[in-house]
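1. next come a sequence and a model predicted from it.
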Amino acid sequence: MFTYTAEKKLTDYYKVYEFGDEKVYHMNSSVLLQEAYDALADKIDLSSYDSDQDGKLDALIMIVPDSAMQLKLLNEKIVHHSDLHLADWWPAYDVIMNEIITDKDGTQYLSKKISGAFDLTNQTNTNQTLIHELGHSFGLDDVYGRGVTLSGEAGMDPMYNNHGDYTVWSKLALNWYEQEDVQVYTGGTQTFTLKSAQTAPNVLVIPKNQFDPERPDYLRRLMFYNDCLLVELNTPEQNMYGQIEKSGVRVLRGLRHIFSLVDDDHGYYYAGESLTESTPDYKDFAERGISIKIDEIKDDGTCTVTVTGLEYTIETD
Ligand SMILES: [Ca+2]
Ligand SMILES: [Zn+2]
């Protein structure tokens, strides 16, 4: 991490667009970034941040003081345009544009970047914001503002409210799991041992419909062309440290490109509890005769879950 104090006023790092009589000021972080790099060039060898030597930096994060956010309140000329919301240094990952930095020898490096104003006096908040933006850089979408709520004690996700660990849905979507990390309920009565999602890549998937497991894209079809329940064990460590007091089971419903909790109000599930027909987002599964019971949450950081139900008819196209 490198620190640089800018030479000019913050307003000098804006681009001005004129629309008739109206001027729109838009954050121009590129100029500030190159200026900061030039000042630090003796300390930073950009090539060492391009591990695969393809001319694109591995990652670039640019943090300006939180006070930059206040500028829009003090200077009305900086228009808080609904479609130009980046004008106010709101922390974001730039999906579209590549930043260009030129090193001392004139070599240009490209990079996507995370940038924005962070409250560096609040370490927790800074880390949480970074984890959210990193999620975007991995490819995750915001979960907030998309018609689902994640409330109650189990209602947290870095892409929703900046809390806790990425859900198993997100980890699956990012392809972080190998096939052997994913246990899939295939019918009848089956008992599964789940490891903590905080210490091992591990998830139980209960699909509403079953696809042919021999297909090479089986997991992705389960996730994105299906309605399925995702069961994860959360333990109070790693990214859940300080977020929960004791280990519990979280049950998510994955619906194509979004997930929700099966029951916002219920929170975590503990030993002896079952999902019932009154569990709001579980009815469709209950109607199919599928039931889920948390048998035991063990001190060794694992739990056992028993699923009973029907025999699936494998769907083929
Ligand atoms: Ca690279
Ligand atoms: Zn976001």
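-> Structure's in. What do you need? Ligands and ions are numbered 1, 2, ... in the order given.
2. contacts and neighbour counts: CA atoms only from here.
-> Noted.
3. quick one: stretch 266-274 to chain centroid distance?
-> Taking CA atoms, centre = their mean, to the nearest Å, one finds stretch 266-274 lying 25 Å from the centre of the chain it belongs to.
4. could you report the pLDDT at Lys113?
-> pLDDT recorded at Lys113 is 94.
5. just want the phi and psi numbers for it.
-> With angles defined as degrees, to the nearest 10, Lys113 sits at phi -140, psi 150.
6. quick one: low-confidence residue ranges for the stretch 201-317 of the chain.
-> 316-317 (pLDDT under 70).
7. how does the chain divide into domains?
-> 10-138, 168-315 (automatic domain parsing).
8. for Tyr225, see how far away the closest residue to ligand 1 within the stretch 151-300 of the chain is.
-> At 19.5 Å from ligand 1, Leu174 is the closest residue in the stretch 151-300 of the chain, using CA to the ion. Using CA to CA, to the nearest Å, Leu174 is found at 16 Å from Tyr225.
9. centre of the chain to the lengthiest helix in the chain, how far?
-> Assignment by DSSP state H gives helix 123-138 as the longest helix of the chain. Chain-centre distance of helix 123-138: 9 Å, with CA atoms, centre = their mean.
10. what element comes up after that helix heading to the C-terminus?
-> helix 168-173 (DSSP states H and E).
11. by contact count, what packs against that next one?
-> strand 227-234 (3 or more CA pairs under 8 Å, 6 or more residues apart in numbering; DSSP states H and E).
12. which other helices and strands contact the strand it packs on?
-> helix 168-173, strand 190-195, strand 203-207, strand 248-255.
13. write out the residues of the chain neighbouring ligand 1.
-> Proximity of the chain to ligand 1 (CA under 5 Å from the ion) is limited to residues 50, 52, 54, 56-57.
14. and His132, what does it touch?
-> Counting by CA atoms under 8 Å, 6 or more residues apart in numbering, His132 makes contact with 158-159, 162.
15. start and end of stretch 206-216, how far apart?
-> 18 Å.
16. and the contacts of it?
-> For stretch 206-216, the external contacting residues (CA under 8 Å, 6+ apart) are 184-186, 218, 221-222, 226-231, 285, 312-316.
17. so how far is that stretch off the chain centroid?
-> 25 Å.
18. show me which residues of that stretch are buried.
-> 206-211 (16 or more other CA atoms under 10 Å).
19. and for stretch 47-61?
-> In stretch 47-61, counting by 16+ other CA under 10 Å, buried: 47, 49-50, 55-58, 61.
20. what about these, which are in helices?
-> Reading helices off these, I find no matches (DSSP H).
21. quick one: low-confidence ranges for the stretch 51-200 of the chain?
-> Applying pLDDT under 70 to the stretch 51-200 of the chain flags the ranges 72-87.
22. wait, Ile100 sits on Leu110?
-> Yes. Contact criterion CA atoms under 8 Å: Ile100 and Leu110 qualify, at 4.7 Å.
23. got the contact list for Pro65?
-> Residues in contact with Pro65, defined by CA under 8 Å, 6+ apart, are 117-120.
24. now the helices for the stretch 1-150 of the chain?
-> Ranges of helices within the stretch 1-150 of the chain are 29-40, 71-74, 123-138, based on DSSP state H, counting those that start in this stretch.
25. the ones you listed into JSON lines, with extra columns for distance to Arg253?
-> Shown next, in JSON lines, are these (distance: least, CA to CA, whole Å):
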{"stretch": "helix 29-40", "distance to Arg253": "39"}
{"stretch": "helix 71-74", "distance to Arg253": "40"}
{"stretch": "helix 123-138", "distance to Arg253": "20"}
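26. residues near Phe138, how many?
-> 10 (other CA atoms under 10 Å).
27. and if you look at Thr308?
-> Neighbours of Thr308 using other CA under 10 Å come to 17.
28. if I look at it, how far off is Gly289?
-> 8 Å.
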